[in-house]
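Chemist: Here is a sequence together with a model predicted from it:
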Amino acid sequence: MKSTFRHAPLSLDAGLLILRVFAGGLMLTHGLPKLMKVMEGNTQFGDPLGLGTELSLYLAILAEVLCALLVILGLFTRIATIPLIITMFVAFFVVHASDPLTVKELALIYLSIFLTIFFTGPGNYSIDRKIR
């Protein structure tokens, strides 16, 4: 049994890399269409927190594009997960609050992933680790 877990740090770092790249990459599929929408001049968006539709859209783009890219790279990772955590928290508990779990479960999955990355850090295969 001990030999199975002898390389646990490598497994942990590889797992964190995979988690970061997939979660960040998939988050980009939500953020890039919003960015394209803004580039076309369309700033219509929901206003779940009463901040205004444009500000809400720009904050979502910041999280879902810029922060997702930072998470993928493992650069300022813990800081970059904070806007993503807030965005997914709002999506789950505010935007989709009255929806059935099957509709809002993706936001909950992303929320749990970004919380995990926040608490564990990016792992050794990250720019954060290289500049430390």
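Modeler: Nice, thanks for sending it over.
Chemist: tell me the average confidence for the host helix or strand of R20?
Modeler: Assigning secondary structure by DSSP states H and E places R20 in helix 8-39. Across helix 8-39, pLDDT averages out at 94.
Chemist: now for it, which elements pack on it?
Modeler: Judged by 3 or more Cβ pairs under 8 Å, 6 or more residues apart in numbering; DSSP states H and E, the packing partners of helix 8-39 are helix 53-61, helix 68-73, helix 101-120. For the C-beta atoms, the positions are set from N, CA and C on the backbone; glycine is no exception.
Chemist: tell me how far that helix is from the chain's mean position?
Modeler: The chain centroid and the centroid of helix 8-39 are separated by 7 Å, computed with Cα atoms, centre = their mean, to the nearest Å.
Chemist: Now do it against helix 101-120, angle only.
Modeler: When axes from the mean of the first three to the mean of the last three Cα atoms, to 10 degrees is applied, the directions of helix 8-39 and helix 101-120 differ by 120 degrees.
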